[in-house]
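K.L.:
could you look at this predicted model? Sequence included:
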Amino acid sequence: MRRAVIGILLAVAVCACAADPPTPEECAAAAAEIGGFLEKRMTDPATGAVFVNAVEDRPAVAGEARNRDALSEAVGQMMELALLRGDREMFARQFALAREKFQAEPGGFLAWKIALDPLRRASTSATLDDWRVAWACRAASRRWDWPEADELGVALVKAISRGTEREKIPPPAFNLPDGSPGAGAVPLCYLHLPAMKDFAADVPGAGEMLAQSLAVLRGIASAPGMVPAKWDPATRKYSRGLADEVLALITLLHMQAAEPDAARLREAVDVRLRYFRERGRLPQAFDSETGEALGEPAGAAVYALWARLLLARGLREEAGEAVKLMLSFQNPPGADFAGAIGGYPVFSFDQIEALLALESYRPASP
């Protein structure tokens, strides 16, 4: 039954791809509905913290975020959304949340998740989220002449730099009490090249992290256009097998912002464009060794990230098709999660990525 439903949804999505691109009015309405759902059902009114999902009945699982947990990931995403909208008040709320709730002490990392009542912080920090917040804080400091925002950004990058003195490649997690890095392979999407580039001139170690990260991304060994999920500093090898497109597209967006003419980036975009144009959709994952697409169709977050990458490459028509596909996942009036993107348990990541895609797509509309 589930396969049959997926097939029906996919057929609808493919038809949507061939239809007219979404109008400014459609984008505005969708953004209002998704944003309204996010605010009413997934946001703590006192702090602005965004909960990881929209329900409260998922059983606890060690090492995972559930229900009323809030993620540093969402702080960075919401900061980026505030920057796109030019909304200083929205940014200020997330800035205060980062400093007062997610950061255990001045100069330290951001806990990757927290619970609010009572306040409980995870003992580790996801490096990508620290980079996201640092990059957004520097951008906000430039836009709004906000020294305190830049101070937080600099502090986070200094903390990352202290933890990467040997490899100069940000590892996947840090231990908050002593700043020591987590072990294991590095997710390539954690290599936030735009932030490294922004801080290279004034934070010791940031330039070296940028150079090393660029070398890792330029040296990808895989099928043409593929983006492996991880790189292991110990073996100097890339992960093999299936690589989720959400992680791959985040990596490609970082490459686009820092090195838009990179051969690997052009190849990766071309492979996906051919697939997208031939089939009217994307898969949820590719096999990084063979280039074979996983049969499972992509979810809304893939199309949101794909739309943003297409827009950055100047491919507005294809971006419109991607936005249309993304919106095919929006729940209709009367549904349990009316207005939201996706079904149970309704993840905040998907909602905010959809808003980022809509905000990126709308301004250039006639």
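P.N.:
Structure received.
K.L.:
quick one: neighbours of the residue nearest to A201 when sequence neighbours are not counted, just the number.
P.N.:
Distances taken as Cβ to Cβ, 6 or more residues apart in numbering put G207 closest to A201, at 7.5 Å, once the chain neighbours are dropped. The way it works is simple: take the backbone N, C-alpha and C, and place the C-beta from them, glycine included. Counted with other Cβ atoms under 10 Å, residues neighbouring G207 total 17.
K.L.:
for G207, give me its contacts.
P.N.:
Counting by Cβ atoms under 8 Å, 6 or more residues apart in numbering, G207 touches 196, 200-201.
K.L.:
isn't L252 up against A268?
P.N.:
Yes - proximity of L252 to A268 meets the contact threshold set by Cβ atoms under 8 Å, at 5.6 Å.
K.L.:
overlap in contacts, the two.
P.N.:
Common neighbours of L252 and A268, counting by Cβ under 8 Å, 6+ apart, are V227.
K.L.:
comparing those two, which residue is more hemmed in?
P.N.:
Neighbours per residue (other Cβ under 10 Å) separate L252 from A268, with L252 holding more: 28 against 25.
K.L.:
and that one, what element?
P.N.:
helix 245-258 (DSSP states H and E).
K.L.:
chain center to that helix: distance?
P.N.:
The chain centroid and the centroid of helix 245-258 are separated by 9 Å, computed with Cα atoms, centre = their mean, to the nearest Å.
K.L.:
then stretch 153-161?
P.N.:
So, by Cα atoms, centre = their mean, the centroid of stretch 153-161 is 20 Å from its chain's centroid.
K.L.:
let the chain start at 300 from now.
P.N.:
Sure, I'll start counting at 300 from here, so that last one is stretch 452-460.
K.L.:
contacts made by it with the rest, please.
P.N.:
405-409, 426, 429-430, 432-437, 440, 469, 473, 478, 494, 498, 501-505, 508.
K.L.:
how about low-confidence regions in the stretch 450-599 of the chain?
P.N.:
474-480 (pLDDT under 70).
K.L.:
what ranges does this protein have for its helices?
P.N.:
Remark: helices assigned in the chain by DSSP state H are 301-317, 323-341, 371-384, 387-396, 426-443, 446-461, 492-498, 505-517, 544-557, 562-578, 599-611, 615-626, 647-660.
K.L.:
out of the ones you listed, nearest to G483?
P.N.:
Proximity to G483, assessed across these by Cβ to Cβ, is greatest for helix 426-443 (12.2 Å).
K.L.:
check contacts around the residue nearest to H553 when sequence neighbours are not counted.
P.N.:
Sequence neighbours aside, L492 is the residue nearest to H553 in space, at 4.6 Å (criterion: Cβ to Cβ, 6+ apart). Under the criterion of Cβ under 8 Å, 6+ apart, the contact list for L492 reads 509, 512-513, 516, 553-554, 556-558.
K.L.:
would you list the residues you listed in CSV and tack on neighbour count and distance to C326?
P.N.:
Formatted as CSV, the contacts of L492 follow (neighbours: other Cβ atoms under 10 Å; distance: Cβ to Cβ, whole Å):
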residue, neighbour count, distance to C326
L509, 22, 34
S512, 25, 34
L513, 18, 34
L516, 22, 32
H553, 26, 25
M554, 26, 26
A556, 16, 23
A557, 21, 28
E558, 16, 30
